[in-house]
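from the sequence below, what's the structure:
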Amino acid sequence: MRIHFIAIGGSAMHNLAIALHKKGFKVTGSDDVIFEPSSTRLANYGLLPKSFGWFEENITDDLDAVILGMHARLDNPELLKAQKMGLKIYSYPEYIYEQSKDKLRVVIGGSHGKTTITSMILHVLNYYKRDFDYLVGAQLAGFETMVKITDSAPVIIIEGDEYLASPIDRRPKFHLYHANIGVISGIAWDHINVFPTFVEYISQFKKFIDTIIPTGKLIYCKNDTELREIVAKSDANIDKISYAIPAHEVRDGITYLLPQGTPLQVFGNHNLMNLNAARLVCEELAIDEDEFNKAIASFTGAAKRLELLNTKNQTSVYKDFAHSPSKLKATIDAVKAQFTDRALVACIELHTFSSLNKEFLDQYRDTMNEADFAVVYIDEKTFKHKKMDPLNEFDIQSSFNDKKIKFFTEAIDLEKYFRSLNFKNTNLLLMSSGNFGGMDLVKLASELNV
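Now for the predicted structure:
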């Protein structure tokens, strides 16, 4: 098979390219810019384009398929030539389905927790040396790539993003996988540039339920009122299995599953609900509860999900991918509940299109109330990059409903503020889908005044 990737440098795209290369396919690709770690990883497999840019000569009639990434524009010359030649053009989720039509497909959807649930399932399957394929949205310890596609594996575990599949396919990615087992972790409005109203956003999850194979299964969080109502009204011919927060207790900063008393290396109600979803999926894959608990005890968390950067005395510093309102609140609440005797400095970098939109900003109201010191950072260059009107301190404090929130637009000023604080018996939580203006978070975490 000869496959060409247009916009090969994307996170999922370059991982799929590597997976198909390892499967024995002849893979080529193009892109106008490729950042790390994609660049080095593609180079390691001989897949890095020799020149950056789009070249019509890359599109030849001996190609079996073209896979189109979201980074490509509609007027991309390689895309236009492939269309003119009548070549088969896939989005990457379409091609994942093409390669897994004969497998049992587990698709994890939801506005939050997708990566963690997927990671937990992969960890347990790997623990028992099961043969499985996967697509996950983060680099995981013990896994070389974020995508694995083989001929042998009977099952594939897919993190199902609700964002659009490609520039020419405006369907959400998770609609294209046709799950045998679907998971929805919860629904909280996001991607307002694509789904400008909550009603439109919700409808994508209704459609996802309808894409589950008849007589398949839906595993869903019953703590989510909106989701519970959608599932109740669905007439899809599937089994509907609910989950909630499992019985547990916290002792000396460690969470234990009850009644067995299994100690966990993750914490917070959000992670516990994710764990229950993963457990139910694993039960469908013939791994019972005792086996699951034994394996999950060694799960240390998905990358950038409550990732511990440093701990010293009574101070811990965590980095988290949280950026949407629901994720922000859940992450703050988790850290406060785990360390009831410590103060919390919580900082969110607003970075996504939705979070920087003034009409959406009110969704953050009261989300940081549990933090003892709340901080909001926006890299001022982000507004220019996204061509959006800048926000000011009044906008932030009004929308978050907190006049005590500290607001920074320069990373150097934010770092000075952190270094001026006394973190004795105080945790620091840094949340962003960006990079805090290039701040060295590990160095900061090790040098705080404790």
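
Leu361 against Ser354, yeah?
No - using CB atoms under 8 Å, Leu361 is not in contact with Ser354; the gap is 9.1 Å. Bear in mind the C-beta positions are built from the backbone N, C-alpha and C, glycine included.

determine the longest helix present in this structure.
helix 269-284 (DSSP state H).

outside of that helix itself, list whatever touches it.
Among residues not part of helix 269-284, those counted as contacts by CB atoms under 8 Å, 6 or more residues apart in numbering are 106, 108, 112-113, 116-117, 120-121, 124-125, 157, 181, 183, 185, 217, 219, 221, 223, 241, 243-246, 248, 255, 257, 264, 266, 289, 291-292, 296, 301, 306, 330-331, 333-334, 337.

can you check stretch 432-449 too?
309-310, 315, 317, 319, 321-323, 348-349, 351-352, 377, 379, 382, 410-411, 414-415, 418-419, 421-424, 428, 430.

ok, of these, which come out buried?
309-310, 315, 317, 319, 321-323, 348-349, 351-352, 377, 379, 382, 411, 414-415, 418, 423, 428, 430 (16 or more other CB atoms under 10 Å).

filter those down to the ones in helices?
Reading helices off the buried ones among the contacts of stretch 432-449 with DSSP H, I get Thr382, Ala411, Leu414, Glu415, Phe418.

can you lay out those residues as TSV showing distance to Arg171?
What follows is those, written out as TSV (distance: CB to CB, whole Å):
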residue	distance to Arg171
Thr382	28
Ala411	38
Leu414	39
Glu415	42
Phe418	43
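
out of those, what pair is the most spread apart?
Taking CB to CB, the two most distant members of those are Thr382 and Phe418; they sit 19.8 Å apart.

part of a strand, is Ala337?
No - assigned with DSSP: H, G, I helix; E, B strand; the rest coil, Ala337 falls outside any strand and is helix.

show me the contacts for it.
Val250, Phe267, Gly268, Asn269.

confidence score at it?
Looking at Ala337, its pLDDT reads 89.

name the residues of whatever helix or strand His385 lives in that are buried.
Using DSSP states H and E, His385 maps to helix 380-386. Neighbour-count burial for helix 380-386 flags Thr382 (criterion: 16+ other CB under 10 Å).

so what touches it?
Contacts for helix 380-386 (CB under 8 Å, 6+ apart): His351, Phe353, Leu356, Asp389, Pro390, Leu391, Thr409, Glu410, Gly434.

that older thread, keep only those of the contacts of stretch 432-449 that are in strands.
Leu309, Asn310, Thr315, Val317, Lys319, Ile348, Glu349, Tyr377, Leu428, Leu430 (DSSP state E).

just curious, which of these is nearest to Asp210?
Ile348 (34.8 Å).

who's the closest one bridged to?
Note on Ile348: beta-bridge partners by DSSP bridges are Val376, Met431.

the nearest residue to Leu122 once chain neighbours are set aside: what's it in contact with?
Excluding the flanking residues, the one nearest Leu122 by CB to CB, 6 or more residues apart in numbering is Tyr134, at 5.6 Å. By CB under 8 Å, 6+ apart, the contact list for Tyr134 reads Thr118, Leu122, Phe143, Val147, Lys148, Ile156, Ile157, Ile158.

now the helix or strand hosting Leu122: buried residues?
In this structure, Leu122 is located in helix 114-127 according to DSSP H and E. By 16+ other CB under 10 Å, the buried positions in helix 114-127 come out as 114-125, 127.

need those residues in a markdown table with distance to Glu229 and pLDDT, can you?
A markdown table is the format used below for the buried residues of helix 114-127 (distance: CB to CB, whole Å; pLDDT from 0 to 100):
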| residue | distance to Glu229 | pLDDT |
| --- | --- | --- |
| Lys114 | 21 | 93 |
| Thr115 | 25 | 91 |
| Thr116 | 24 | 92 |
| Ile117 | 21 | 96 |
| Thr118 | 25 | 96 |
| Ser119 | 28 | 94 |
| Met120 | 26 | 96 |
| Ile121 | 26 | 97 |
| Leu122 | 31 | 96 |
| His123 | 32 | 95 |
| Val124 | 31 | 97 |
| Leu125 | 32 | 97 |
| Tyr127 | 36 | 96 |
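
and the residues you listed, which is closest to Tyr45?
Among the buried residues of helix 114-127, and counting by CB to CB, the member closest to Tyr45 is Leu122, at 21.4 Å.

which residues of the stretch 101-250 of the chain fall in strands?
For the stretch 101-250 of the chain, applying DSSP state E, counting those that start in this stretch gives strands covering 104-109, 133-135, 147-148, 155-159, 164-166, 169-172, 181-184, 217-221, 239-243, 248-251.

for the helix or strand just after the last one, name the packing helices and strands.
Same thing as strand 248-251. Once strand 248-251 ends, the next helix or strand along the chain (criterion: DSSP H and E) is strand 254-257. Packing partners of strand 254-257 (3 or more CB pairs under 8 Å, 6 or more residues apart in numbering; DSSP states H and E): strand 248-251, strand 262-263.
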